[in-house]
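[1] Let me see the structure of the following:
(one chain, ligands or ions: 1)
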Amino acid sequence: MRVDVVFTPDEAGAAPTGIVVDVIRATSTISQALAAGYERVFCAAEVDEVRALRRALGEGVLGGERKAVRIPGFDLGNSPREYLEPAGPTLILSTTNGTRAVVAAAERCERVFIAALLNLSAVVDAARTAGADVVVVCAGVQGTLALDDAFVAGRIVELLGWERTDAAEAAARLVSSWSGAEEAFRASKSGRNLMENAPELEADIPFCAREGVLDVVPRLVAMRDGAAEIAL
Ligand code: MLT
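    The predicted model follows:
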């Protein structure tokens, strides 16, 4: 089996299994929300899509961010610490980069898993069980590589232990450049954006830097009106 990494969702790259990573913070939030008891998370690229989906479903907690802070009129932001308890069965989420990456992966992979560091080993086990080549789709930041996602991609590559593309090898080699995940996350554009735009949410960084604490494998189950429905 082979593992590849794309550092932004716009890069060409497809495999039967896609693993989407936006560790600061969308995929951490999705994993935490489902672990806490939300039954499904819809990932939508645009704010208007979120509102339309809630009208169509007749229910749904609205979550997400722009420039790291809660979208005006939404119930919750994109801090995984806001999702320790479910506020309803359905979360409809839109974030700057992460939810777009999920939708992009849904267009090109047969199966899609959502990975953060929080649920890393559970997702790696699921990918191994699926028994097909993997592409790790990093959300990045507005079309550019982000070191936090690259770090998590590198950990996935290390844990899978499969044949690697050059991109996967590069991601794996990045991991040892830092003393650990938190240092990598703080050094990344995503981490710096969070600390600059929402310094009160800095504690999200150590929260997201914990590896293997959630035994959940969020996966794509359907598409609805352009949004990706994610459930366990
Ligand atoms: C994103 O989708 O760009 C992020 O999750 C941003 C964030 O909320 O930190």
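[2] gap between the residue of the chain positioned farthest from its centre and Pro86?
    Taking Cα atoms, centre = their mean as the measure, the residue most remote from the mean C-alpha position of the chain is Gly58, 25.9 Å away. Noted for Gly58: a distance of 17 Å to Pro86, by Cβ to Cβ, to the nearest Å. For the C-beta atoms, the positions are set from N, CA and C on the backbone; glycine is no exception.
[3] So which elements touch the helix or strand hosting Val41?
    Under the criterion of DSSP states H and E, Val41 resides in strand 40-43. Contacts defined by 3 or more Cβ pairs under 8 Å, 6 or more residues apart in numbering; DSSP states H and E place strand 40-43 against helix 26-36, strand 90-94, helix 98-108, strand 227-231.
[4] is any part of stretch 75-92 close to the ligand?
    Yes - under the criterion of Cβ under 6 Å from any ligand atom, the ligand is reached by stretch 75-92 at Asn78.
[5] typed the wrong thing, it's stretch 26-35
    Yes - using Cβ under 6 Å from any ligand atom, stretch 26-35 reaches the ligand at Ala26.
[6] Contacts for that stretch, please.
    Stretch 26-35 is contacted from outside by 20-22, 41, 43, 63, 78-84, 86, 91, 93, 95, 97-99, 101-102, 114-119, 139, 204, 207-208, 214-216, 218, 230-232, using Cβ atoms under 8 Å, 6 or more residues apart in numbering.
[7] how does it look with 7 Å?
    20-21, 41, 78, 80, 83, 91, 93, 95, 98-99, 114-116, 118-119, 139, 208, 214, 216, 218, 230, 232 (Cβ atoms under 7 Å, 6 or more residues apart in numbering).
[8] Paired strands for the strand holding Val41, with orientation please.
    strand 90-94 (parallel), strand 227-231 (antiparallel) (DSSP bridges).
[9] in stretch 136-150, what counts as buried?
    136-141, 145-150 (16 or more other Cβ atoms under 10 Å).
[10] Kindly reformat those as CSV containing pLDDT, distance to the ligand and secondary structure.
    Formatted as CSV, the buried residues of stretch 136-150 follow (pLDDT from 0 to 100; distance: Cβ to the nearest ligand atom, whole Å; DSSP: H, G, I helix; E, B strand; the rest coil):
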residue, pLDDT, distance to the ligand, secondary structure
Val136, 98, 16, strand
Val137, 98, 13, strand
Cys138, 98, 11, strand
Ala139, 98, 6, coil
Gly140, 97, 9, coil
Val141, 97, 7, strand
Leu145, 97, 13, coil
Ala146, 97, 9, coil
Leu147, 98, 14, helix
Asp148, 98, 9, helix
Asp149, 98, 10, helix
Ala150, 98, 15, helix
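[11] Next, find the distance separating the residue nearest the centre of the chain from Leu220.
    Residue closest to the mean C-alpha point of the chain, counted by Cα atoms, centre = their mean, is Thr27 at 2.5 Å. In this view, Thr27 and Leu220 are 13 Å apart by Cβ to Cβ.
[12] Helix, strand, or coil at the closest residue to Pro206 other than its chain neighbours?
    Excluding the flanking residues, the one nearest Pro206 by Cβ to Cβ, 6 or more residues apart in numbering is Glu182, at 5.5 Å. Assigned with DSSP: H, G, I helix; E, B strand; the rest coil, Glu182 falls in the helix class.
[13] Good, we can wrap up now.
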